[in-house]
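Asker: Got a sequence here, can you model it:
(2 chains)
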Amino acid sequence: MLRHRTRRAAAAVTALAATVLLASGCGVTRGPQSSNLTMLIPNSPGGGYDQTGRAAVAVMENGDITGGSFEVTNVIGAGGSVAMSRLMNAEGDERTMMTAGLGVVGSLYSFAAPYKLHDATPLAQLIEDQEGVLVPADSPLKTIDDLVQAWRDDPSAIVVGGGSSPGGPDHLFPMQLAGAVGVDPREVNDRYVVYDGGGPLTSALLGNKIDVGFSGVGEFEGQLASGELRLLAVSGDERLDGDGISDAPTLTEAGIDLVFTNWRGVLAPPGISDERRDELIGMLEEMHATPEWQQALEDNGWIDEFKTGDDFDTFLQEQDERVATTLEELELL
Amino acid sequence: MDNLGLLADGFGAVLTPENLLYAAIGVLLGTFVGVLPGIGPAMAVALLLPVTYGLDPISAFIMFAGIYYGGMYGGSTTAILLNTPGESASVMTALEGNLMARAGRAAQALATAAIGSFIAGTIGTILVVFFAPALASVAVEIGAPSYFALMVLAMVMVTSVLGGSWLRGFIALFLGLTIGLVGLDINTGQPRLSFDQPLLADRIDVVVVAVAIFALGEALWVAAHLRRSPAHVIPVGRPWMSGADLKRSWGPWLRGTAFGFPFGALPAGGAEIPTFLSYVTEKRLAARKGHDEFGRGAIEGVAGPEAANNASAAGTFVPLLALGLPVTATSAVMLAALQGYGMEPGPGLMTDQPELVWALIASLLVGNVLLLVLNLPLAPLWAKLLRLPRPQLYAGILFFATLGAFATNLQAFDLFLLLLLGLLGLMMRRFALPVLPLILGVILGPLMEYRLREAMAISGGEVSALWSEPLAVVIYVIVAIAVVTPLVVRRVRPAPAAVAYDEGLDLTADDEEKVR
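Answerer: So this is what the prediction gives:
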């Protein structure tokens, strides 16, 4: 009797284990002839790369542009370096793509990865995202000139914060801005406080814990519209729309010679054939031309900045040099 | 109250037949794993977390809520039936609960635990509905100095789980803090203790550490002692309570809830103190009424601490959701889970992602109801799970542990880490080092460092900034009191009750605490 019951309990365990496996979902198997593709995302679901990558995949799947479906895989770790090494290891794999961007460029330096983005096969830049200079509503800094003046008076008196670690967009932007107005970036770097993304940065600004925040404008739309935060300037070459946003000048308008944008694009593994590279670029071009993609750009507040192939390759090399120069100036390399 | 409307929306999102099925599966799995010896809610949740990956956030929440409550209740079941609490919070439940079980009243003990958990969990969750948002609005004023003070408080509280030997406890704690140091420096991006491994540069996942130390270490330890005799199992009757039992239980349920919630909501309150207070109170009240069954299996001694335990667990959602502060091993695993679902607990959570918060709270209430519905009739069956032969039992545990560690990042490297840390877990058991301080070191160390570095970066290295906020000063005063009080309590408290436990199978760090 006891033995019988034991067996029944064991069967119950097995059944539940099976449920677990089913519930956790099985991977999609790809045949060698299938036209299904994989899209690697270098951060967690819900992050910026994830939003861009999944939006592009959705448009391509709905329009049946690739003739198959996509498997989207989030490869989390080391600020995108882990995903990048997976892409580099997939040399010659003609059915894989990866979403990448400015943050990954910096991480490859931080994590001392032996390769750069342009060592893979650059396919296309998809979007651009503007950074903003943010202060709490009751801050004495009313304009971007006030900030520049305060910086020139005493860089160590201004506490700056950003949502990315050293080398990331929110860190590079204030450093390049300081350099552009003749302030030593190293002194600004000494007062840079790292926050774990836009949420904690918002809290720090709302609670007046820091003087200025540097981050993507999109995450602060709510606080800017309600007047809890003020936008001193945007980093791109055109003003942005929105309550509490459209009044903010570009840096160029304010007389500062700097255009800084965060961007995201798509890479393929190294060592794929030229025909395949052109074919993949063609798919992305087709995707870019759809009204669905234009809608996705609008919904997410992304700027349409599309360049492909060799143009994108050159752009990546420029970006890499710029990041390396900034990090060297800060003695972080 | 606007909150009720938001909560109704939450229920609207949660209450679909499909989600209820996920919740039911979650409750079953959670109880199933939680009921295994030596597995507390933290590990049950850590083990089963990967199951919820890949579901959409709402389904994942509700399944997770089921797993969470199932795991909590499962832990109490083993505490009562086998006198093996899965975590320190169940120690008080085990004292009278096991005596009741030996007296043939296991059914009543399990039932009062289930209903007590339900009542305390429901009241606690409703209190979270009303108090967490209020806390959230003042939370932005709380800066790095206060957070750091909270971390100091949490660290001081860790000393209460160091176990019998402070030397061993501190060894474990410092091992944990060292593991927490691995990875890139937050401010400069320099690698620390990463041995040129890019995967180590990204810090060691807390889930991997927890699964390795709890599950793998335990399994290896049991394997090393397999020849010893199996655990003595106590038969379970049918799970119903007499009118007299109910009459004796409702008071302790409510009083236990009253003890537990504030301590849980206090970011470093924990469940140990309220369960202890509840136990002592019920014992005194019973003596005054003249029917003192304590020491022979008093139902009040199960109902009170069990309610306190669950109310405290519900209370921990206040600091978790409003401050992003994990104060127990379970809530630390939970924090990782919520972040996995794209939720960023912390000061801005209530305003930034209200729909997720209310869906989560609705999920918790639904999970709690399902727990009661499923577990009251199933209690005897759960008990039979413990009759699995140990080789099969621990083979299953190893399977889930490996799956859990691999599923987090899908990297073979994590499996090597798992094995290495599992060996560490085995060695810790061999040398009677408590494992809980290690886990808390891994979790709290980096958080504490982060807050200190942030405070210092803002102040420009001015140390006095650490006590520049009123809240920070208040917390340091509490820390001072917390350090002094145990010295007083130790004099007042009676000698710890002798607790019999099976060697080999159940000798975990949590058990060590019982003999503290």
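
Asker: Export stretch A:204-217 to CSV, keeping only CA atoms.
Answerer: Taking only C-alpha atoms (Å, rounded to 0.1, in the frame of the first residue of the first chain), the coordinates of stretch A:204-217 have been written out as CSV:
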residue,chain,number,x,y,z
ALA,A,204,16.7,61.8,-7.5
LEU,A,205,15.7,64.8,-9.5
LEU,A,206,12.2,65.1,-7.9
GLY,A,207,13.8,64.9,-4.4
ASN,A,208,16.4,67.5,-5.3
LYS,A,209,19.2,65.1,-4.6
ILE,A,210,21.2,66.1,-7.7
ASP,A,211,21.4,69.4,-9.6
VAL,A,212,21.1,68.2,-13.2
GLY,A,213,20.1,65.0,-14.9
PHE,A,214,21.1,63.8,-18.3
SER,A,215,18.9,61.2,-20.0
GLY,A,216,16.7,60.3,-22.9
VAL,A,217,13.8,62.7,-23.0
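
Asker: Can you mark which positions in it are buried?
Answerer: When burial is assessed from 16 or more other CB atoms under 10 Å in any protein chain shown, stretch A:204-217 yields the following buried residues: A:204-207, A:209-217. Every C-beta, even on glycine, is put in place using the N, C-alpha and C of the backbone.

Asker: Let's see which of those residues end up in helices.
Answerer: Within the buried residues of stretch A:204-217, membership in helices is found for A:204-206, as judged by DSSP state H.

Asker: Can you tell me which of those is nearest chain B?
Answerer: Proximity to chain B was ranked across those by CB to the nearest CB; first place goes to A:Leu206, at 4.5 Å.

Asker: Retrieve the pLDDT associated with that closest one.
Answerer: pLDDT for A:Leu206: 78.

Asker: Next, the contact list for it, please.
Answerer: With contacts taken as CB atoms under 8 Å, 6 or more residues apart in numbering or on different chains, A:Leu206 has the following neighbours: A:136, A:223, A:228-229, B:140.

Asker: what's the lowest-pLDDT member of those?
Answerer: B:Val140 (60).

Asker: Dump the ones in helices among the buried residues of stretch A:204-217 to TSV, plus distance to B:Glu300.
Answerer: Below are those laid out as TSV (distance: CB to CB, whole Å):
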residue	distance to B:Glu300
A:Ala204	48
A:Leu205	51
A:Leu206	47
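
Asker: Could you name the helices and strands sitting against the host helix or strand of B:Lys283?
Answerer: Assessed by DSSP states H and E, B:Lys283 sits inside helix B:272-289. Taking 3 or more CB pairs under 8 Å, 6 or more residues apart in numbering or on different chains; DSSP states H and E as contact, the helices and strands that helix B:272-289 lies on are helix B:91-102, helix B:243-265, helix B:300-315.

Asker: who touches that helix?
Answerer: Under the criterion CB under 8 Å, 6+ apart, residues B:88-89, B:91-93, B:95-96, B:160-161, B:251-252, B:255-256, B:259-260, B:262-264, B:292-294, B:298, B:300-301, B:303-305, B:307-309, B:311-312 lie in contact with helix B:272-289.

Asker: That helix to helix B:300-315, inter-axis angle?
Answerer: Here helix B:272-289 points in a direction 150 degrees away from that of helix B:300-315 (axes from the mean of the first three to the mean of the last three CA atoms, to 10 degrees).

Asker: would you put the C-alpha positions of helix B:272-289 in CSV?
Answerer: The C-alpha trace of helix B:272-289 is given here as CSV (Å, rounded to 0.1, in the frame of the first residue of the first chain):
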residue,chain,number,x,y,z
GLU,B,272,11.3,36.4,13.6
ILE,B,273,10.4,39.0,16.2
PRO,B,274,6.7,39.2,15.6
THR,B,275,6.3,35.4,15.5
PHE,B,276,8.1,35.2,18.8
LEU,B,277,6.0,38.0,20.3
SER,B,278,2.8,36.4,19.1
TYR,B,279,3.9,33.0,20.6
VAL,B,280,4.7,34.6,24.0
THR,B,281,1.5,36.6,24.0
GLU,B,282,-0.7,33.6,23.2
LYS,B,283,1.0,31.5,25.8
ARG,B,284,0.3,34.2,28.5
LEU,B,285,-3.3,34.7,27.4
ALA,B,286,-3.9,31.0,27.5
ALA,B,287,-2.4,30.7,31.0
ARG,B,288,-4.6,33.5,32.1
LYS,B,289,-7.7,31.8,30.7
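
Asker: Just tell me which of the helices and strands packed on helix B:272-289 ends up closest to chain A.
Answerer: Nearest to chain A among those is helix B:91-102 (18.9 Å), distances taken as CB to the nearest CB.

Asker: circling back to that earlier point, identify the farthest-apart pair in the contacts of A:Leu206.
Answerer: Largest separation among these by CB to CB: A:Leu229 and B:Val140, giving 11.8 Å.

Asker: Could you dump the buried residues of stretch A:204-217 into JSON lines with distance to B:Val488 added?
Answerer: Compiled in JSON lines, the buried residues of stretch A:204-217 are given as follows (distance: CB to CB, whole Å):
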{"residue": "A:Ala204", "distance to B:Val488": "39"}
{"residue": "A:Leu205", "distance to B:Val488": "44"}
{"residue": "A:Leu206", "distance to B:Val488": "41"}
{"residue": "A:Gly207", "distance to B:Val488": "37"}
{"residue": "A:Lys209", "distance to B:Val488": "37"}
{"residue": "A:Ile210", "distance to B:Val488": "42"}
{"residue": "A:Asp211", "distance to B:Val488": "46"}
{"residue": "A:Val212", "distance to B:Val488": "49"}
{"residue": "A:Gly213", "distance to B:Val488": "46"}
{"residue": "A:Phe214", "distance to B:Val488": "50"}
{"residue": "A:Ser215", "distance to B:Val488": "49"}
{"residue": "A:Gly216", "distance to B:Val488": "53"}
{"residue": "A:Val217", "distance to B:Val488": "55"}
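
Asker: and which of these is nearest to A:Val183?
Answerer: Distances from the buried residues of stretch A:204-217 to A:Val183 were compared by CB to CB; the smallest belongs to A:Val212, at 12.7 Å.

Asker: Does the closest one touch A:Leu141 like I think?
Answerer: Yes: taking contacts as CB atoms under 8 Å, A:Val212 lies within contact range of A:Leu141: 6.9 Å.
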